[in-house]
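1. Take a look and give me a structure for this.
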Amino acid sequence: MSRRLFSVLVFAGLIAAVMFTLPVSGQNTRQISSSGTTFFAPAAPDDTSAVQNPEVANPGEADTQDSAEATDGRHGVNRSFSGPTTGTGRSVNPHKKAKSNPELNLSVEGLNFNKQRFANGGNQFSVEPPDQGLCVGNGFVVESVNDVIRVFHTNGSPATGVQDLNTFYGYPAAINRTTIVQGPFVTDPSCIYDQTTGHFVHVVLTLEVVPSGATRGRFIGPNHLDVAVSNTSDPTGAWTIYRIPVQDDGTDGTPDHHCSPAGTPPPTFRTNPRACIGDYPHIGADRNGIYLETNEYDFFGNAYHGSQIYAISNQQLASLPASITLTQFDTANLGPAGKPGFTIWPAQTSGNQFSDDQGGTEYFLSSTAADEAQCDSEVVCSGTGTSNQLVLWALTNTSSLGSGSPSLSLTNALMAVDQYGIPPKANQPTTGDWPQGQCLNNPSCAPILIGVRDPFTEVIARLDSNDTRMQQVGYGNGKVWGALDTDIIVNGLHKAGIEYFIVEPSISSGSVVGSLALQGTLALADNHLTYPAIGVTSNGRGVMAFTVVGDDNYPSAGYTSIDGSIGAGDIHIAAAGVGLDDGFTAYQAQVFPNPVRVRWGDYGSAATDGKSIWIASEYIGQSCTLTQYLIAPIGRCGNTRGALGNWDTRISMLTP
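-> Take a look at the predicted model:
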């Protein structure tokens with residue numbers, strides 16, 4: 001079948017922007033103390049374990065609000081209130097799939113499920129999805145996923161072993177397999193190489209839990225963004241850690257956002273029953289600062305509050321002081337029409353191209369189709385799942401971050417764009433091996449994994465395709481670049497595709513204006529494209545990474561070139577998938593009583609290193625039969641996977 005390019009292009013001057021200047025009453029400035037120093041542990045031999053109980057944090061927990069990777073979407077981490085829907089996309093023509101990769105200079109295997117599960121002597125849980133953080137600088141590549149980190153040289157060779165994130169951040173193991181004591185739950189890694197200071201900065205969300213006893217692993221309320229900054233430009237050396245409380249219930253210096261508790265009265269083990277949760281953190285930078293953003297929900301209740309933006313002086317952070325100054329913005333009612341901001345993704349810059357307007361400006365992008373962006377703060381509603389608006393945000397006077405008394409202003413501009421909507425789940429090919437699912441469907445095999453027969457009939461997974469929230473944002477060639485997942489109609493069929501935007505910002509009298517320089521839609525017939533991440537060079541040329549999956553592609557690491565003048569090019573495959581996704585969130589027996597929400601990496605990553613762009617995406621790089629799966633140690637398939645999952649990541653370098 002012919003696959004043709006379809007890009008909708010809208011050029012500067014054709015789209016009007018509505019400006020909003022936001023009050024500063026939502027600001028909170030406080031001091032955050034250093035929490036010590038960390039190092040990479042020496043490389044260790046592979047653990048040889050098979051299935052161990054418990055394999056998943058809080059398995060079978062009836063209180064889904066305490067399920068660490070709850071699949072119902074409204075609880076745990078990586079939350080999404082928007083349910084799957086179709087019928088909201090636009091009809092588009094399919095794009096062309098290229099036959100070669102002339103720009104692909106390097107492509108290597110990154111972290112995978114096997115390395116994650118069996119790091120730290122096997123004192124880890126089975127975890128999916130592998131949310132990816134990637135940063136590049138000074139001849140090093142740092143990749144991080146849930147829940148491990150590794151440093152590579154830029155020739156693709158490892159510079160460190162695989163380090164579990166609990167140990168890296170100075171915590172007890174995720175699960176001690178001898179004592180069955182559980183450490184804090186660490187998730188959602190993200191990182192950046194700060195070009196101004198020459199330091200790497202890595203961030204995770206950490207949730208405190210009951211370590212042992214009858215309520216082992218249950219969340220107690222306190223949660224924090226843990227920020228690690230490399231002491232030098234060499235990420236294989238020492239790092240200094242700062243822990244930013246984000247429960248926002250008035251404790252530990254946080255503001256009180258009045259998040260709702262659950263239970264009357266709440267369980268006694270919860271030390272902070274009115275805690276909020278700082279979900280889905282991401283990181284950006286300009287010349288003057290490092291910027292973190294989270295989506296804030298009730299931790300134990302059922303409502304969304306609004307995005308939180310945190311600003312830190314990069315010069316102060318790089319000096320590794322005993323404490324740093326942090327400024328927080330609450331966007332609970334600062335989005336369009338007084339709605340809350342949602343996934344306001346901060347931009348990463350290319351080269352030394354920064355915006356110095358208005359005393360220094362950091363840009364962000366967000367979208368408005370998800371329920372979180374359409375409901376009033378703290379109100380649960382069912383939104384339309386569709387939008388034709390994009391929001392450009394600007395944080396100005398960032399040069400004041402180094403003063404000790406920051407004086408910042410947050411503004412936004414609403415722009416009209418082509419319609420986008422919540423995409424359908426992504427189907428996989430109908431043939432291939434899926435040994436975990438096949439084992440669960442076998443009455444004599446299922447007890448190996450779950451202790452009993454599987455009362456359900458398991459099927460090949462349909463992968464989660466996200467909810468139209470903004471994905472990675474870049475600032476290059478004076479423009480702001482971003483992309484999101486959307487429903488599209490290709491040859492009469494609803495598929496997951498990608499909508500991308502290039503925005504030309506300007507600042508006047510402290511307010512931001514955005515002109516849509518270009519937008520486009522990326523689609524591939526009979527397939528889905530999910531979780532885009534754009535990296536852009538200072539001359540306005542970039543690469544967009546994503547996953548390709550569908551009728552004729554196992555989950556694969558894909559990419560396309562993207563140009564600020566002409567849009568996206570052909571679709572390329574950096575690493576073709578060789579098998580079906582076979583993770584535990586695909587199977588009802590593994591997630592009951594929650595509905596199945598087949599977790600795929602909630603974001604990929606892209607990073608710019610001079611003229612080169614590095615990308616990382618999830619794909620499936622292994623396959624094995626049920627017979628091979630059952631060879632001891634069970635589920636390892638020659639150390640290519642774990643019993644409960646088989647995801648891989650791919651790191652590639654291109655010169656656009």
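2. okay, CA-based contacts and neighbour counts for the rest of this
-> Will do.
3. ok, which stretches of the stretch 151-300 of the chain are helices?
-> 165-168 (DSSP state H, counting those that start in this stretch).
4. any low-confidence regions in it?
-> Within the stretch 151-300 of the chain, not a single segment meets pLDDT under 70.
5. Would you mark the buried spots in stretch 647-656?
-> Using 16 or more other Cα atoms under 10 Å as the test for burial, stretch 647-656 gives 647-656.
6. List just the nearest of those residues to G432.
-> Proximity of the buried residues of stretch 647-656 to G432 was ranked by Cα to Cα; the top entry is W647 with 15.4 Å.
7. Next, the distance between the ends of stretch 143-162.
-> 10 Å (Cα to Cα, to the nearest Å).
8. Show me where the stretch 401-550 of the chain has its helices.
-> Assignment of helices within the stretch 401-550 of the chain using DSSP H, counting those that start in this stretch yields the ranges 435-440, 446-450.
9. partner strands of the strand or helix carrying Q308, parallel or antiparallel?
-> In this assignment (DSSP states H and E), Q308 forms part of strand 304-313. Within its sheet, and counting by DSSP bridges, strand 304-313 is paired with strand 289-298 (antiparallel), strand 323-330 (antiparallel).
10. Pick the most buried one from the helices of the stretch 401-550 of the chain.
-> helix 435-440 (a mean of 24; mean count of other Cα atoms under 10 Å).
11. got a list of contacts for that helix?
-> 445-447, 449, 453-454, 458-460, 582-584, 587, 589, 624-626, 629, 635, 643-645 (Cα atoms under 8 Å, 6 or more residues apart in numbering).
12. List buried residues within these.
-> For the contacts of helix 435-440, buried by 16+ other Cα under 10 Å: 445-446, 449, 453-454, 458, 460, 582-584, 587, 589, 624, 626, 629, 635, 643-645.
13. coming back round to it: now the strand holding Q308: average pLDDT?
-> Taken as a whole, strand 304-313 carries a mean pLDDT of 97.
14. Residues touching it, excluding its own?
-> 257, 259, 278, 288-298, 324-333, 340-344, 372, 377-380, 401-402.
15. List the buried residues in it.
-> 304-313.
16. do stretch 138-149 as well
-> Neighbour counts using 16+ other Cα under 10 Å place 138, 140-149 of stretch 138-149 among the buried residues.
17. Distance across it, terminal residue to terminal residue?
-> Note: stretch 138-149 ends 18 Å apart using Cα to Cα.
18. now swap in stretch 277-297 and tell me
-> Using Cα to Cα, first and last residues of stretch 277-297 are 5 Å apart.
19. ditto for stretch 216-236
-> Using Cα to Cα, the end-to-end distance of stretch 216-236 comes out at 34 Å.
20. Next: stretch 476-495.
-> By Cα to Cα, one end of stretch 476-495 lies 30 Å from the other end.
21. averaged over its residues, what pLDDT does it have?
-> On average, stretch 476-495 scores 95.
22. returning to what we had before: mind checking the helices of the stretch 401-550 of the chain for the one nearest to Y554?
-> helix 435-440 (15.3 Å).
23. how about the closest one as PDB, C-alpha atoms only?
-> C-alpha atoms of helix 435-440 as PDB (Å, rounded to 0.1, in the frame of the first residue of the first chain):
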ATOM      1  CA  PRO A 435       5.200 -16.400  26.500                       C
ATOM      2  CA  GLN A 436       4.100 -14.600  29.700                       C
ATOM      3  CA  GLY A 437       0.500 -14.300  28.400                       C
ATOM      4  CA  GLN A 438       0.600 -17.800  27.000                       C
ATOM      5  CA  CYS A 439       1.900 -19.100  30.400                       C
ATOM      6  CA  LEU A 440      -1.000 -17.400  32.200                       C
END
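24. quick one: contacts for V209?
-> 182-185, 216-221.
25. Excluding chain neighbours, what is closest to it?
-> Once flanking residues are discounted, V209 sits nearest to F219: 4.4 Å by Cα to Cα, 6 or more residues apart in numbering.
26. how many neighbours does the one you found have?
-> 28 (other Cα atoms under 10 Å).
27. just checking, it touches P211?
-> No - checked against Cα atoms under 8 Å, the pair F219 and P211 is beyond contact range at 9.6 Å.
28. one step back: take the buried residues of stretch 138-149 and keep only those in strands.
-> 140-145, 148-149 (DSSP state E).
29. Format these as CSV; extra columns: distance to Y169.
-> Output for those, formatted as CSV (distance: Cα to Cα, whole Å):
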residue, distance to Y169
F140, 20
V141, 19
V142, 16
E143, 16
S144, 13
V145, 14
V148, 11
I149, 11
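30. In contact with the nearest residue to R90 once chain neighbours are set aside, which residues?
-> Excluding the flanking residues, the one nearest R90 by Cα to Cα, 6+ apart is I488, at 5.2 Å. Counting by Cα under 8 Å, 6+ apart, I488 touches 88-92, 423, 494-497, 523.
31. if we can go back for a sec, with the buried residues of stretch 647-656 in mind, which one is nearest to V512?
-> P656 (30.1 Å).
32. Now do the same for E103: its pLDDT.
-> 84.
33. That one and Q182, how far apart?
-> Counting by Cα to Cα - E103 and Q182 are separated by 45 Å.
34. Who has more neighbours out of those two?
-> When E103 and Q182 are compared for neighbours, Q182 comes out ahead with 25 against 14, by other Cα under 10 Å.
35. List the strands paired with the lengthiest strand in the chain, with their directions.
-> In the chain, with assignment by DSSP E, the single longest strand is strand 493-508. Using DSSP bridges, the strands paired with strand 493-508 in its sheet are strand 479-490 (antiparallel), strand 511-522 (antiparallel).
36. Okay, now the unreliable bits of the chain?
-> For the chain, the ranges with pLDDT under 70 are 1-25, 58-76, 83-87, 93-96, 98-102.
37. looking at it, which residue lies furthest from center?
-> S444 (37.6 Å; Cα atoms, centre = their mean).
38. these two touch, right, that residue and G451?
-> No - counting by Cα under 8 Å, S444 stays clear of G451, with 10.3 Å between them.
39. Let me see the contact set for I507.
-> 357-358, 513.
40. list the contacts for S605?
-> Contacts of S605 by Cα under 8 Å, 6+ apart are 132-134, 472, 533-534, 545, 615-617.
41. Around the closest residue to T640 other than its chain neighbours, how many other residues sit close by?
-> Spatial nearest neighbour of T640, excluding adjacent residues (Cα to Cα, 6+ apart): N114 at 6.0 Å. N114 has 25 neighbours, counted by other Cα under 10 Å.
42. and what of V210?
-> Neighbours of V210 using other Cα under 10 Å come to 18.
43. phi, psi of it?
-> phi -70, psi 120 (degrees, to the nearest 10).
44. Tell me how far it lies from R274.
-> Distance from V210 to R274, by Cα to Cα: 17 Å.
45. S157: neighbour count?
-> Neighbour number of S157 under other Cα under 10 Å is 12.
46. Now do the helices in the stretch 1-150 of the chain.
-> Taking DSSP H, counting those that start in this stretch as the test, the helices found in the stretch 1-150 of the chain are 113-117.
47. for it, what spans make up the strands?
-> 17-21, 27-38, 90-92, 104-112, 133-137, 140-145, 148-153 (DSSP state E, counting those that start in this stretch).
48. I244: which of those is closest?
-> Smallest distance to I244 across those (Cα to Cα): 6.4 Å, for strand 27-38.
49. tilt between that closest one and strand 323-330?
-> Here the directions of strand 27-38 and strand 323-330 differ by 140 degrees (axes from the mean of the first three to the mean of the last three Cα atoms, to 10 degrees).
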